[in-house]
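Student: Kindly generate the corresponding structure for this input.
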Amino acid sequence: MVYSCIKIICIFQREKGDFKNTNDNLKKENESLHQEIARLQQVLQEVTAVNKRWQRYNNDRRLYVQKLLATIQELQEQMNGQGEAAIHDNATAKGEKMCRQHNEQIQLLNLQIKAYTDDWQSERR
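Tutor: Presented below is the predicted three-dimensional model:
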């Protein structure tokens with residue numbers, strides 16, 4: 001009977017030690033999980049900060065591109081307006097030049113006609 005009591009006491013102490021070891025293991029695992037949660041929260045904060053900076057950069061870049069496109073369109077419209085004015089001015093200048101040339105040719109032809117008419121009339125007399 002003493003032997004049985006000793007055996008029971010040994011079994012009880014072993015189980016008590018197992019419970020203690022299990023409790024210690026759970027505490028260590030719990031602490032490890034808390035550390036992992038803290039690390040992941042830190043990573044999340046860093047990623048969120050980087051994401052916010054990226055969004056600001058992306059918005060600034062988009063606004064800059066829109067501003068450039070508006071400037072390009074404005075310059076193209078100015079160039080088209082200047083081009084049309086230049087074409088009109090050029091056409092007007094060409095028209096005036098052609099008109100002068102035609103007037104000079106008409107005067108030359110009139111002089112030639114007068115010279116031929118004078119020659120013809122002098123020969124007729």
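
Student: Okay, now the unreliable bits of this protein?
Tutor: 1-22, 83, 86-87, 125 (pLDDT under 70).

Student: Let's see that with 80 instead.
Tutor: Across the chain, the ranges flagged by pLDDT under 80 are 1-26, 79-95, 99, 116, 119-125.

Student: Please, where are all the strands along it?
Tutor: Counting by DSSP state E, the chain forms no strands at all.

Student: Please enumerate the helices of it.
Tutor: 2-124 (DSSP state H).

Student: Just give me how far stretch 115-125 sits from the chain centre.
Tutor: Remark: stretch 115-125 is offset 83 Å from the chain centroid, using C-alpha atoms, centre = their mean, to the nearest Å.

Student: can you list contacts of it?
Tutor: Stretch 115-125 has contacts (C-beta atoms under 8 Å, 6 or more residues apart in numbering) with no other residue. To be clear about C-beta, it is placed using only N, CA and C from the backbone, and glycine gets the same treatment.
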